[in-house]
Structure formats: structure tokens, C-alpha cells
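J.: Predicted coordinates and the sequence they were generated for:
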Amino acid sequence: MSQTTSNPTSHLSVAESALPESSGLPVVPEWRRTLNRFLGHRGLLIGSVILGAIVLAALFAPWLAPHDPYAQNISQRMIPPIWHEKGSWEHILGTDKLGRDYLSRLLYGARISLTIGLTAALISGIIGTTLGVLAGYFGGRTDAVISYIITTRLALPVLLVALAMAALVGGSLEMVIILLGLLLWDRFAVVARSTTQQLRDAEFIASAKVLGASTPYILIRELLPNILSALIVVITLEMAHAILLEATLSFLGLGVQPPLPSWGLMVSEGKAYMFFQPWVIAIPGITLMVLVLAINLVGDGLRDMNAPEGRN
């Protein structure tokens, strides 16, 4: 009788047999595919480089700043930047009306803008994500009440409410962060609610329920990681939104107060000289535009990479 020989590949699962090794193709690690998608997305790459440069400049501001950003010298007020005929290498970007070095204030102002944008986005993200997940997971009356709260918030104009509250409470760095954090949570709530509704009946959620997992465990350990990619995109958008709102409040005198080097405050302080020394508002204005543009490019790039068609 002929003996049957065992085939070592007969014990492989269907998924394993479908791997590229069976067809002779090399296996590409997941991190390499992610890196290739990142390098292939021009907007995400440019935005990340610009944003990274601004973050590094803010972190190393004490070492990069040539002067004390708060030091005043009236005898050197309104010195133009280096590209003007009367410019000086001692003050590369010139000085303001109080003789303070513009480059130093610009570097320290990046710290304020990034701190406000990131902190306000995190506060609003916690509030909005909590409400959205609860509404999408439980549904029913919980969804109706939270949806009513979201609708009420969407009916309120953010800028007008921020101006009213800032005028009532008073402007300061901490106040601006708390105020913006309490006003910018609606987009987080809408995105978290919709994505939770799509996943609450998924098989992994049903399996966790069958295994006896508690509701907080399911929400935090099972559901939240699967909606985190969409929330990261919202964080970048709301961070840019918070930075613009802070600049608006500071420009109107209701945000960050002097002598802190806020970019919006720098524009406000230079508006009286805009027709004679336009660089006093052009420099912080362009820097603010570049920062917001970089954050938006990163947000759009992350959205494209997390989209199903962007994973191919």
C-alpha cells in the first residue's frame, strides 16, 4: 500500500495562505506602508515640516531669542527689519513701539499660540467626545438630551459668546484657554456620536458584552480606540480654530494681556503704524497664517490617510 505523505502547508489557515509569501512577493511591514503614505502625501509632508519647525522654535525660544522679549528700550523703538535700509543685524526683524525685539517676541508668541491651541482643543475634545460617545452608544433619551445640548451649542455664535464672556470675566491666558475649551466641543460631539452609532452594533462590541465586560470598559477600551483616528483630525482643525480665536480676542484687547507676546496682540499694538511701518503687523500676521495653514494641512493629510481609499 502506498503511504500518504503529510503536507506541511495543510495546517496553514486560509488567511496565512493568502499572505504575499505564498505568491513569492515580499511582505511590507505596516509601519513602512504608513511611512510611504506619509511621504507620498505632499500636503501632509509640507504641513508637518512647517509645524515641526514652529514647535521646535517655540520649545527652544529661550536659546534662539537674541534678546529678552519683555525688555524695553525707547531709544531703539520702531527699528525696521534687516531688509530695510535702516535695518540692523542686532534686531533682525526690527523692534516694536516700546523698543522690544520683534524676533524674540515672535518666538515666545509661538509658545502662547501653540499652548492655547493644544490645551483648548484637548479640553473641548474631552467634553465633546464624552457627550458624543454617550449619545451614540446609549441612544434613546440620552441621545435626545445630548443632541438638544449640541443643537443649542451650534446655535450660539462662538465669536460673539467669546467676546461677551471675555469682556465680562476679563482677559488672561488662563481665561482664554478655559473659554475656548468650553466653546469648541461641538464638532467633537458630532463626530464621536456618528462614529459611535456606526460601531455600537459591531461584532467586537457584542463579543465584549457576551464576555461580561462592563460598560465603561467597552467604551474606553473597545470603542474609543476605534474612533480615535477621526477625533485626531478634529483636534487639528479645532486647534487651528482656537489659535485664530485667541488672536481675534487679543487683537480686540479681550484675550491675552500685555506684556505677553501674543501674535494677535502684536498685530493690535502695531495697527497704529500699519500705513508707515506695515511690517509691524505683516510679520506676526504672516506667521499666524503660516501656523494655521500648517495645522490645516496636517489635519487634511491625516483625514486622507485614515480614509479607506487612502489606505490602498
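T.: Great, that's in hand. Numbers count the residues shown, from 1 in each chain.

J.: What sits closest to Lys271 if chain neighbours are left out?
T.: The spatial neighbour of Lys271 that comes closest, neighbours along the chain excluded (CB to CB, 6 or more residues apart in numbering), is Ile281 at 6.1 Å. (Each C-beta comes from the backbone N, C-alpha and C, glycine too.)

J.: mind listing what that neighbour touches?
T.: Taking CB atoms under 8 Å, 6 or more residues apart in numbering, we find Ile281 in contact with Met266, Val267, Gly270, Lys271, Tyr273, Met274.

J.: Give me the buried stretch members for the helix or strand where it lies, please.
T.: In this structure, Ile281 is located in helix 279-306 according to DSSP states H and E. Within helix 279-306, the residues that count as buried by 16 or more other CB atoms under 10 Å are 279-281, 283-285, 287-288, 291-292, 294-305.

J.: Same question for stretch 35-42.
T.: Within stretch 35-42, the residues scored as buried using 16+ other CB under 10 Å are Arg37, His41.

J.: Just the pLDDT for the closest residue to Asn296 other than its chain neighbours.
T.: Leaving aside its sequence neighbours, Asn296 sits nearest to Ala240 (CB to CB, 6+ apart; 5.5 Å). Note on Ala240: pLDDT of 92.

J.: wait, what's in contact with Ala240?
T.: Going by CB under 8 Å, 6+ apart, the list of residues near Ala240 reads Gly117, Val292, Ile295, Asn296, Gly299.

J.: from those, which single one is nearest Met165?
T.: Gly117 (18.5 Å; CB to CB).

J.: The closest one: neighbour count?
T.: 26 (other CB atoms under 10 Å).

J.: For it, pull up the helix or strand it's in.
T.: helix 102-138.

J.: angle of that helix against helix 279-306?
T.: Here helix 102-138 runs at an angle of 30 degrees relative to helix 279-306 (axes from the mean of the first three to the mean of the last three CA atoms, to 10 degrees).

J.: So which elements touch the next helix or strand after helix 102-138?
T.: Per DSSP H and E, helix 102-138 leads on to helix 140-154 as the next helix or strand towards the C-terminus. Helix 140-154 is packed against helix 102-138, helix 186-199, with contacts defined by 3 or more CB pairs under 8 Å, 6 or more residues apart in numbering; DSSP states H and E.

J.: for the record, mean pLDDT for the longest one?
T.: Put plainly, it is helix 102-138. Here helix 102-138 scores 94 as its mean pLDDT.

J.: Which positions within it qualify as buried?
T.: 102-114, 116-121, 123-125, 127-137.

J.: Enumerate every residue touching Arg42.
T.: Residues in contact with Arg42 (CB under 8 Å, 6+ apart): none are found.

J.: roughly how far apart are it and Val298?
T.: 12 Å (CB to CB, to the nearest Å).

J.: Likewise for Ser48?
T.: 6 Å.

J.: sorry, back to before: between the helices and strands packed on helix 140-154, which gets nearest to Glu246?
T.: Nearest of these (CB to CB): helix 102-138, 4.7 Å.

J.: could you check the angle helix 140-154 makes with the closest one?
T.: Using the same axes, to 10 degrees: helix 102-138 against helix 140-154 is 150 degrees.

J.: what packs against helix 102-138?
T.: Counting by 3+ CB pairs under 8 Å, 6+ apart, the packing neighbours recorded for helix 102-138 are helix 42-59, helix 61-64, helix 140-154, helix 173-183, helix 186-199, helix 224-251, helix 263-270, helix 279-306.

J.: Turn the ones you listed into a markdown table, including distance to Lys97.
T.: Output for the helices and strands packed on helix 102-138, formatted as a markdown table (distance: least, CB to CB, whole Å):
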| stretch | distance to Lys97 |
| --- | --- |
| helix 42-59 | 24 |
| helix 61-64 | 22 |
| helix 140-154 | 40 |
| helix 173-183 | 22 |
| helix 186-199 | 38 |
| helix 224-251 | 16 |
| helix 263-270 | 7 |
| helix 279-306 | 8 |
